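Asks: 3D, please:
(6 chains)
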There are 4 protein chains.
Amino acid sequence: MATIEVISRKSQEKELRKQMILAAAKELFFEHSYEKTSMDAIAQKVGLAKGTLYLYFSNKDELYISLLIEGIKLLKQKMLQKIRENDNYEDKFIQTLVIASYEFSIEQPQYFSLMMSFQTESLPKINCISSDVTSEIEFHHNEIMSLCVSIVQEGIEKGIIDSSENPFEVVIQIWFSGTGAIVMMQCHYDDIETFCRMSKLEFMESLAKRFYKSLKK
Amino acid sequence: MATIEVISRKSQEKELRKQMILAAAKELFFEHSYEKTSMDAIAQKVGLAKGTLYLYFSNKDELYISLLIEGIKLLKQKMLQKIRENDNYEDKFIQTLVIASYEFSIEQPQYFSLMMSFQTESLPKINCISSDVTSEIEFHHNEIMSLCVSIVQEGIEKGIIDSSENPFEVVIQIWFSGTGAIVMMQCHYDDIETFCRMSKLEFMESLAKRFYKSLKK
Amino acid sequence: MATIEVISRKSQEKELRKQMILAAAKELFFEHSYEKTSMDAIAQKVGLAKGTLYLYFSNKDELYISLLIEGIKLLKQKMLQKIRENDNYEDKFIQTLVIASYEFSIEQPQYFSLMMSFQTESLPKINCISSDVTSEIEFHHNEIMSLCVSIVQEGIEKGIIDSSENPFEVVIQIWFSGTGAIVMMQCHYDDIETFCRMSKLEFMESLAKRFYKSLKK
Amino acid sequence: MATIEVISRKSQEKELRKQMILAAAKELFFEHSYEKTSMDAIAQKVGLAKGTLYLYFSNKDELYISLLIEGIKLLKQKMLQKIRENDNYEDKFIQTLVIASYEFSIEQPQYFSLMMSFQTESLPKINCISSDVTSEIEFHHNEIMSLCVSIVQEGIEKGIIDSSENPFEVVIQIWFSGTGAIVMMQCHYDDIETFCRMSKLEFMESLAKRFYKSLKK
DNA sequence: GATGAATGAGACTTCATTCAT
DNA sequence: TATGAATGAAGTCTCATTCAT
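Replies: Residues are numbered from 1 along each chain as shown, chains lettered A, B, ... in the order given. Have a look, this model is predicted:
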């Protein structure tokens, strides 16, 4: 019994260390980009020896990808939460398809930034990603898509959204442009408040509503 | 007179060299990313010695930034051209605010990619940018914004767009989300054609029209 | 009594473990060379923890040397066997001085290779060998030499070999060059069969006979 | 004209540097083996920066192989010299096939050691040798073989060597076992003088003569 | 202006060895 | 006795930048 406890505690500690490393890496990758963050720096930030990192992640790439997956999972959870929390259809639509991503970009700017730079720099630049990992990313991406598509379908079934709309098209248009707007906004962060005289959240809501209206019967 | 001519010819040659270097850098940056492109590789591609590059650009970052500015200028030109070419207001609106960026992303994928990765990785990551350069970028960015804003204002003045709309808000919403959608599309390029059963151009036009409709009186 | 038995069983187990480690190390050292074989890999192959190896061998070098000694012992046994098995003098001479080494190189290529690379890279390159070990190697080497010398002396006593020959010189000439030829043969293994149109065994026998003839009265 | 001189001087300097690096590497490889010699150590020995080595040799392996080829060339030259210097057939035979290698092992112990450790550790352990290099090694090896074979053939034609002998077999037997004996001798260097009461050169000559006699009609 | 050899800091990664459990 | 996480020195190699020519 005691042995089992020890093993369990050890495995917990190991998981903890892994999380600590991921946390340090997240901050540094965000602050200096993937390429400019050295394993040295990460190790120093966690307070571990350089070699120790390689006990937890076989690669710098693997570390990066692990963060990415972590991020995608968090976004998915956020979306699921939005679905649960909103009964009113319009709210559910707007919150899940647009605001979820926005809030995520505010609450987890590092993860969001990481995920976006992965989009921009695109897969091939990561040297050697095992197909396991790419398929895991694919999997979560698809789940998020399904989630969004089902919301649009619900709208069509309820007679709220025009039945001539292709749910996939709608999702891609709104999700892509919403996410894209967030990225642009992060860069030109003053423009919104200066020129539009509204908060970013209001700006995103306004964007979402405009979309929503255009879908109505 | 002769001296002036010589000077002028020399300065032309110098400008030519600069352009050659930029061209080589553009291709390589795009193909292998900023970090993975070495000055060696650029020099070899232009057929110049490594040290020579430093006569034209004081460091690698400056080369990168120069390309960025070049890109912004090209996009601005494309937008101006769209304005000139389209008399019909709807066309002018859609072409300038959305399709210009899309076409630019197709015709000059290297520049577009560069500009976007700059957005994503954000300015502070470039080591040592003189304020001259940032302000030059700012300048061109603002010009593009003004261009777009004036188009929206034209719509309001013409009574096509609802006068309660804030031109800045409109521009940022449509330009940011359009550009953002293009980035996302580049990454998940199959999704559009597979799920929406339309070409990317049609997709972008559809997105733009949806927006345009939502602005009408 | 019981205690003694326990101790004895324990010591047997310990010896067994030691042999298992040596076996794993042998295969890996041969497959990837000494330097490219990690203690990790050895531990994994035996199914023990890395730290455990250090309970049996105080460091990597000792492991290597242990194998070496093991190899020398095996070669000695092979020679003794050849002496026992051959009554006819010429056969005994040829089999013990030349063919024993050749067969050993075929049957125990790992050990042979290890022993030879030890010859080539020479002792001083191993970091920290206690004099105990070097003297053990010396001891076995001398025993083998004595064995060979006694065979030559037997030939002289029997009047088969010219009495003016110095037995030591003969042994060193034939054993060294025989072993040397085997090493070279391993490297240029095609040359023999291609150019000489004989098997390697035949080649070695031919070499040995040539030598034997030159010694006869 | 001046330019050409400058270029020529530069290329001479470059060649000189290359030789300096090779010289330093040779000593260190010999002293500590390939694996235990670091590029750092080589750089320090030549008095150059680490990175500079990579301007002359793209790899650690390439550096090693360059030395190897250098060594093979030197041995070939030594053999050619022996052929030129000796008119008497027996001398030519013994000097070229056996003593050349021995003298080489004394005069250029580093090269000899390097070449032998290459034999022992065998090609596959060097990571990535371009086929260019392997074929260059092959080329020189074959030339040496041809040289030796032609000497044996000369003996057969002159009626000195029994015409039933296969020249290839003879060469391989004598050259391989001669070289092999030298290696073994280097390791157990005391044995010869202690037990045989002769110098190593005398020992090698004795070995060669024994062989030579066995070939005579 | 143009060259390209030289630099040396710094990147990722490996691994023999130790030591707390 | 056995473990295996942790260490940190050391290894190979890259590359932006400088500077003598």
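Asks: so which residues of chain A form helices?
Replies: A:2-36, A:39-46, A:50-56, A:60-85, A:89-94, A:100-107, A:109-121, A:131-157, A:167-187, A:189-191, A:200-215 (DSSP state H).
Asks: worst average pLDDT in those?
Replies: With a mean of 71, helix A:189-191 has the lowest mean pLDDT of these.
Asks: run through the residues of chain A sitting next to DNA strand E.
Replies: When proximity is defined by Cβ under 7 Å from any atom of the strand, chain A lies next to DNA strand E at A:6, A:37-41, A:50-51, A:54, A:58-61. C-betas here are computed from N, CA, C, even on glycine.
Asks: got a ChimeraX select line for the buried ones in those residues?
Replies: In ChimeraX, this line selects whichever of these come out buried by 16 or more other Cβ atoms under 10 Å in any protein chain shown:
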select /A:37,39,41,59,60,61
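Asks: between the residues of chain A next to DNA strand E, which is closest to DNA strand F?
Replies: A:G51 (1.7 Å; Cβ to the nearest atom of the strand).
Asks: buried residues in stretch A:186-194?
Replies: So, applying 16+ other Cβ under 10 Å, buried residues of stretch A:186-194: A:186-188, A:191-192.
Asks: of those residues, list those near chain C.
Replies: By Cβ under 8 Å from any Cβ of the partner chain, no member of the buried residues of stretch A:186-194 lies near chain C.
Asks: and which of those residues is nearest to chain C?
Replies: Lowest distance from chain C to the buried residues of stretch A:186-194 (Cβ to the nearest Cβ) belongs to A:Q186, with 44.1 Å.
Asks: among the residues of chain A next to DNA strand E, which are in reach of chain D?
Replies: Answer for these near chain D: none qualify (Cβ under 8 Å from any Cβ).
Asks: show me the subset of the residues of chain A next to DNA strand E that also lies near DNA strand F.
Replies: A:50-51.
Asks: distance to B:I83 added to the residues of chain A next to DNA strand E, as CSV?
Replies: Formatted as CSV, the residues of chain A next to DNA strand E follow (distance: Cβ to Cβ, whole Å):
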residue, distance to B:I83
A:V6, 73
A:T37, 43
A:S38, 47
A:M39, 50
A:D40, 51
A:A41, 48
A:K50, 56
A:G51, 59
A:Y54, 56
A:S58, 54
A:N59, 49
A:K60, 47
A:D61, 45
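Asks: number of nearby residues for A:S33?
Replies: 21 (other Cβ atoms under 10 Å in any protein chain shown).
Asks: same question, A:A43
Replies: 19.
Asks: isn't it up against A:Y54?
Replies: No: look at A:A43 against A:Y54 with Cβ atoms under 8 Å: they stay out of range, at 9.7 Å.
Asks: outline the domain layout of chain A.
Replies: Here the domain parsing of chain A from automatic domain parsing is A:1-57, A:59-215.
Asks: could you identify which of these is most buried?
Replies: Neighbour counts (mean count of other Cβ atoms under 10 Å in any protein chain shown) averaged over each of the domains of chain A peak at domain A:59-215, with a mean of 18.
Asks: distance across it, terminal residue to terminal residue?
Replies: End-to-end distance of domain A:59-215: 46 Å, with Cα to Cα, to the nearest Å as the criterion.
Asks: need the contact list for the residue in chain A positioned nearest to chain B.
Replies: Chain A approaches chain B most closely through A:G180 (0.9 Å), counting by Cβ to the nearest Cβ. Going by Cβ atoms under 8 Å, 6 or more residues apart in numbering or on different chains, A:G180 touches B:176-184.
Asks: how about the nearest residue to A:K200, chain neighbours excluded?
Replies: A:I192 (5.4 Å; Cβ to Cβ, 6 or more residues apart in numbering or on different chains).
Asks: which residues touch the one you found?
Replies: Taking Cβ under 8 Å, 6+ apart, one finds A:185, A:198-200, A:203, B:172 in contact with A:I192.
Asks: could you redo the last one with a cut-off of 10 Å?
Replies: Shown in contact with A:I192 (Cβ atoms under 10 Å, 6 or more residues apart in numbering or on different chains): A:181, A:184-185, A:198-200, A:202-204, B:168-169, B:172-173, B:176.
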